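Chemist: missing the sequence, but the structure's below:
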């Protein structure tokens, strides 16, 4: 591993900044997909307009600059720059060298194509080799099978099971905390 | 209907008055062991002024439910307890507690305050579970939470770096049904 290996470009995707002109319309479409929103967030799903998303993305960028404890990337197709999803390293405690990670691929058609896996792999390298973090946590509802298998594959372990912390369609689900230490990450790459 | 909702056997919970609490926050921040049990941010000294500003902002928002813990015996404020991170649609929340007056540690005051806040969470806010986390180097805390009815739900490895060592953060939780059952058996 050397410093000339690109951090932001992979084989399929690249990690880019927010495009305030083009992204809001695509993201607004994702917010109409209850399946996606319920996998990603525990807050109640509600569809947003392009205008609303534009404002939210501006607020997000402002808080990134002010708080200095989160990094946000847009996942884009390497070939045609199309927006596929996003990945966030957030709530970083610099003193402890820890943070949380969240990743989503917005459109149904773009899932199960390896975009998320490559984005996660690049984000882990960024977290451990650029931010020099010691560990990351991902909080995943028990019903999100794709996320559970992807994070496990990349070296995460289930560490905490907050019983029945989420309610969906009158059924209660556990909320899982997955963790990865820098040593787990190095081991998983051997 | 219960009218002494915020009363226990050793303590009662009262409003967190920003002016009074700011003085205590500033004073308690001088006890680094207390700060290190309470929070994973660096222990530091807070002025009365900055504490008051923080408290005023928090009480204006009225999102969290924080209280002062006072002894029943002489109404002395010995700490704070509260619920935050409330997820109303799922009925989950986190509880946080700190006893700034260290002569009250290990004598059941914290456990009593925890029992009151659980009753408040389950019977007034109608929540479905209460979560908490506690640091590996705080076994007294763990014992108190077990006594109040919490179960272990796992641990995040090495979350804290203190005194050159990595420490786990232990997660615990209690469900409304568990709390109700515990009441029946008492």
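Modeler: That came through fine. Since we're looking at a predicted model, the values are computed, not measured. Residues are numbered from 1 along each chain as shown, chains lettered A, B, ... in the order given.

Chemist: Can you name the residues in contact with stretch B:48-56?
Modeler: B:16, B:18, B:19, B:21, B:22, B:23, B:25, B:26, B:29, B:46 (CB atoms under 8 Å, 6 or more residues apart in numbering or on different chains). The way it works is simple: take the backbone N, C-alpha and C, and place the C-beta from them, glycine included.

Chemist: wait, what's in contact with residue 13?
Modeler: No chain specified, so I'll use chain A. Taking CB under 8 Å, 6+ apart, one finds A:75, A:76, A:77, A:78, A:84, A:115, A:118, A:119, A:122 in contact with residue A:13.

Chemist: Please refer instead to chain B.
Modeler: B:6, B:67, B:68, B:69, B:70, B:81, B:113, B:116, B:117, B:120.

Chemist: where does it fall, helix, sheet strand or coil?
Modeler: In three-state terms, and counting by DSSP: H, G, I helix; E, B strand; the rest coil, residue B:13 is strand.

Chemist: So which of the contacts of residue A:13 belong to strands?
Modeler: Among the contacts of residue A:13, the residues falling in strands (DSSP state E) are A:75, A:76, A:77, A:84.

Chemist: Do you have the helices of chain B handy? List them.
Modeler: B:18-28, B:32-38, B:48-61, B:109-119, B:139-147, B:176-184 (DSSP state H).

Chemist: Buried residues of the last one, list them for me.
Modeler: Same thing as helix B:176-184. Buried positions in helix B:176-184, judged by neighbour count with 16 or more other CB atoms under 10 Å in any protein chain shown: B:176, B:179.

Chemist: now do the second one
Modeler: For helix B:32-38, the neighbour count (16+ other CB under 10 Å) marks B:34, B:35, B:36, B:37, B:38 as buried.

Chemist: beta partners of the residue in chain B positioned nearest to chain A?
Modeler: At 3.3 Å from chain A, residue B:154 is the closest residue in chain B, using CB to the nearest CB. Under DSSP bridges, the beta-bridge partners of residue B:154 are residue A:160, residue B:171.

Chemist: There's contact between it and residue A:163 in this structure, I believe.
Modeler: No. Assessed by CB atoms under 8 Å, residue B:154 is found out of contact with residue A:163, at 10.1 Å.

Chemist: For those two, indicate the residue with more neighbours.
Modeler: More crowded of residue B:154 and residue A:163, by other CB atoms under 10 Å in any protein chain shown: residue B:154, with 20 against 17.

Chemist: so who does that one touch?
Modeler: Applying CB under 8 Å, 6+ apart, the residues contacting residue B:154 are A:158, A:159, A:160, A:161, A:177, B:170, B:171.

Chemist: Please report how far the closest residue to residue B:116 other than its chain neighbours lies from residue A:97.
Modeler: What sits nearest to residue B:116 in space, not counting adjacent residues and going by CB to CB, 6 or more residues apart in numbering or on different chains, is residue B:8, at 4.7 Å. Using CB to CB, to the nearest Å, we find residue B:8 at a distance of 39 Å from residue A:97.

Chemist: Please apply the same query to residue B:31.
Modeler: 26 Å.

Chemist: quick one on the thing from earlier: would you turn the helices of chain B into a markdown table with distance to residue A:59 and mean pLDDT?
Modeler: Converted to a markdown table, the helices of chain B look like this (distance: least, CB to CB, whole Å; pLDDT from 0 to 100):
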| stretch | distance to residue A:59 | mean pLDDT |
| --- | --- | --- |
| helix B:18-28 | 28 | 96 |
| helix B:32-38 | 30 | 97 |
| helix B:48-61 | 17 | 93 |
| helix B:109-119 | 33 | 98 |
| helix B:139-147 | 36 | 98 |
| helix B:176-184 | 35 | 93 |
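
Chemist: winner for burial among those?
Modeler: helix B:109-119 (a mean of 23; mean count of other CB atoms under 10 Å in any protein chain shown).

Chemist: how would you label residue A:179: helix, strand or coil?
Modeler: Per three-state DSSP, residue A:179 ends up strand.

Chemist: Just give me the neighbour total for it.
Modeler: 24.

Chemist: Also residue A:146?
Modeler: For residue A:146, using other CB under 10 Å, the count is 13.

Chemist: try residue B:4
Modeler: Neighbours of residue B:4 (other CB under 10 Å): 8.

Chemist: measure it to residue B:13 for me?
Modeler: For residue B:4 relative to residue B:13 (CB to CB), the value is 11 Å.

Chemist: so residue B:156 touches residue A:137, yeah?
Modeler: Yes. Residue B:156 is within contact range of residue A:137, at 6.1 Å (criterion: CB under 8 Å).

Chemist: Tell me the residues that contact both of those two, please.
Modeler: A:159, A:177, A:179.

Chemist: filter these down to the ones near chain B?
Modeler: Among the shared contacts of residue B:156 and residue A:137, the residues within reach of chain B (CB under 8 Å from any CB of the partner chain) are A:159, A:177, A:179.

Chemist: Export those residues as a markdown table, with columns for pLDDT.
Modeler: As requested, those are exported to a markdown table (pLDDT from 0 to 100):
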| residue | pLDDT |
| --- | --- |
| A:159 | 98 |
| A:177 | 98 |
| A:179 | 98 |
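
Chemist: Leaving out sequence neighbours, find the closest residue to residue A:147.
Modeler: residue A:140 is the one closest to residue A:147 (CB to CB, 6+ apart), at 4.8 Å.

Chemist: what about that neighbour, how many neighbours?
Modeler: 22.

Chemist: For the helix or strand hosting it, buried residues please.
Modeler: For residue A:140, the enclosing helix or strand under DSSP states H and E is strand A:135-141. Judged by neighbour count using 16+ other CB under 10 Å, the buried positions of strand A:135-141 are A:135, A:136, A:137, A:138, A:139, A:140, A:141.

Chemist: Skip ahead from it and say which helix or strand is next.
Modeler: helix A:145-153.
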